[in-house]
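**Student:** need a structure here:
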Amino acid sequence: MTFDTVELDRDLRRRPKARGLDGFKWLTLAALVAFSLYMFLWEFANVNSDLYKHAVIASEFDFTDLHSITSRLAYPLWHLCVAALFQLGVPLGWAAALLCALCKGLAFLLVRRYLFVMTRNPLSNAALALLALLLMLVTPIRLLLVNEGAIYRGVGSPTVWHNPTQLAVLVTAMLCVPYTAHCWYAFERMLPERGPKTMLPWRKVIALAALLMLNLSSKPTFLQALLPAAALFFLIQWIRHPKNSRYFAQIILAFLPAAAYFLLQYLYYTGVVVPYTSGVEFGLSLETVWLAIRNMLLMAAFPLFALVCCRKRGILRDRMLLLSLLMAGFSMVEAMCLRETGVRVNHGNFNWASMSSAFFLWVTVLPHYLDSIGDFRAWQARLQAADVEGTLDSAALRKERAALSRRSLCYFVSFVLLVWHVYSSLYYPYYLLTTGNVF
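**Tutor:** This is a model prediction of the structure:
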């Protein structure tokens, strides 16, 4: 079985199955977009919210004066779209809220498609829609004395309501990460036939470079985790395949524009390109180590524990899952070691990468978890049949039952964590709306 999301999606589109209109998906999407629109209009109404501040920046863009854009920020994708709507006559609040709701809707469709493509045991349309909806709302678990009030503050969250650029970056991330993995799978498929001459079609290299640049134009913090994760992954593969330098040179060329753009963004926000912004300093301590680990555990408690339930030989052949784990590791190290100074002191921008990584852990682990439930049920059925038919001796039967009981306990704990996340995710917008807190 291949884990190449792009190739699997193409195969499914070539051989469409009769699944009907899937009205539940569109109803869920409509409900999500409507609720999101309400939430974003509410966020915009507070002048202290990130959404309001970013929208004001967009309103000051002048498309005839490039300096009016470049002097304000280095990741203008969301702002350019809002500015275009605003200058077409859409009220600023509605332009910002509509674009944010659109990002939520697009992310929902991409995540739902990913779950559909990657889940081996087919799920119902309703189950796919509800799981994708959960991933659009998921937050860290609400824990006494840590984040019992403002769930987001001090911890972070896989999804947020207040930051528009984070909404945009997750949409583009759902495109560039699967395509990064696809470029590796394509190499693996061609390698036995072409050997050292294996190279990607240049259209794939250009497409990957374009998707990475699109992601960076939304927000630099996602590539802050993906760049080192991809660098480590491809470096290890290069060591394993030293004769295939042509292919790895292509990967370097694909990432080179993004790396240069990322460096430019870093220089921009540290006051080298434009003055009076902020700086970065190294600040590793026991406290920052603990906070980075704790926050990731709270944001991704279910997917991290779910890996225990679905562990099996070869699971890391899913390169998107492997990249997600590497991203989580690198983002935690960055959160431990780096912090901002100057006008952005205490803004916590080095925590955004860990939030995006936590979101991708949810996305990539969930299909494996769902498939493992099917495997668990098949294991139960085989054991029951063996007990009835007497094909296992008593010692082997006891051993299998003990293993089954341990796995059953793991599933129970994972279900408790999932319910805890669901409760916390529902509490988050309730807390925002009842307290007036935008974070």
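**Student:** got the contact list for the closest residue in space to Met199 that isn't next to it in sequence?
**Tutor:** Leaving aside its sequence neighbours, Met199 sits nearest to Arg246 (CB to CB, 6 or more residues apart in numbering; 5.1 Å). All C-beta spots, glycine's among them, are computed from the backbone N, C-alpha and C. Shown in contact with Arg246 (CB atoms under 8 Å, 6 or more residues apart in numbering): 196-199.
**Student:** Of those residues, which is the most crowded?
**Tutor:** Among these, Thr198 has the most neighbours (other CB atoms under 10 Å), with 20 neighbours.
**Student:** For it, give me its contacts.
**Tutor:** Thr198 touches 187, 190-191, 244, 246-247, counting by CB under 8 Å, 6+ apart.
**Student:** With Leu99 instead?
**Tutor:** With CB under 8 Å, 6+ apart, Leu99 has these contacts: 78, 81-82, 85, 164.
**Student:** Quick check: it vs Leu77, distance?
**Tutor:** Distance, Leu99 to Leu77, by CB to CB, to the nearest Å: 10 Å.
**Student:** How about Leu267?
**Tutor:** 19 Å.
**Student:** who's more crowded, the two?
**Tutor:** Per other CB under 10 Å, whichever of Leu267 and Leu77 has more neighbours is Leu77, with 19 against 14.
**Student:** Helices along the stretch 201-350 of the chain, start to end?
**Tutor:** Ranges of helices within the stretch 201-350 of the chain are 202-218, 221-240, 245-269, 286-299, 301-309, 319-337, based on DSSP state H, counting those that start in this stretch.
**Student:** export the ones you listed to a markdown table and tack on distance to Val47 and mean pLDDT?
**Tutor:** Converted to a markdown table, those look like this (distance: least, CB to CB, whole Å; pLDDT from 0 to 100):
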| stretch | distance to Val47 | mean pLDDT |
| --- | --- | --- |
| helix 202-218 | 24 | 97 |
| helix 221-240 | 24 | 97 |
| helix 245-269 | 23 | 94 |
| helix 286-299 | 28 | 96 |
| helix 301-309 | 34 | 95 |
| helix 319-337 | 29 | 97 |
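**Student:** could these go into JSON lines alongside distance to Phe412?
**Tutor:** Formatted as JSON lines, these follow (distance: least, CB to CB, whole Å):
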{"stretch": "helix 202-218", "distance to Phe412": "38"}
{"stretch": "helix 221-240", "distance to Phe412": "32"}
{"stretch": "helix 245-269", "distance to Phe412": "42"}
{"stretch": "helix 286-299", "distance to Phe412": "19"}
{"stretch": "helix 301-309", "distance to Phe412": "10"}
{"stretch": "helix 319-337", "distance to Phe412": "23"}
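**Student:** quick revisit: among the contacts of Leu99, who's most crowded?
**Tutor:** Busiest of the contacts of Leu99 [other CB under 10 Å] is Pro164, holding 31 neighbours.
**Student:** these two touch, right, it and Leu51?
**Tutor:** Yes. Using CB atoms under 8 Å, Pro164 is in contact with Leu51, at 5.4 Å.
**Student:** Need the residues touching each of those two.
**Tutor:** Common neighbours of Pro164 and Leu51 (CB under 8 Å, 6+ apart) are 40, 96, 100.
**Student:** In helices, which of the residues you listed appear?
**Tutor:** With helices defined by DSSP state H, the entries of these inside them are 40, 96, 100.
**Student:** Reformat those into a markdown table and put pLDDT and distance to Ala292 next to each item.
**Tutor:** Shown next, in a markdown table, are these (pLDDT from 0 to 100; distance: CB to CB, whole Å):
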| residue | pLDDT | distance to Ala292 |
| --- | --- | --- |
| Phe40 | 98 | 29 |
| Ala96 | 98 | 31 |
| Cys100 | 98 | 28 |
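**Student:** now, among those residues, which is nearest to Gly436?
**Tutor:** Among these, Phe40 lies closest to Gly436 (CB to CB), at 15.4 Å.
**Student:** which ones are touching that closest one?
**Tutor:** With CB under 8 Å, 6+ apart, Phe40 has these contacts: 51, 96-97, 100-101, 161, 164.
**Student:** ditto for Asp4
**Tutor:** Contacts for Asp4 (CB under 8 Å, 6+ apart) come out as 181-182, 185-186.
**Student:** and if we set it to 6 Å?
**Tutor:** 182, 185 (CB atoms under 6 Å, 6 or more residues apart in numbering).
**Student:** Counting neighbours, what do you get for Glu60?
**Tutor:** Neighbour tally, Glu60, other CB under 10 Å: 13.
**Student:** Among the contacts of Leu99, name the ones in helices.
**Tutor:** 78, 81-82, 85, 164.
**Student:** Can you say which two of the residues you listed are spatially most distant?
**Tutor:** Leu85 and Pro164 (12.8 Å).
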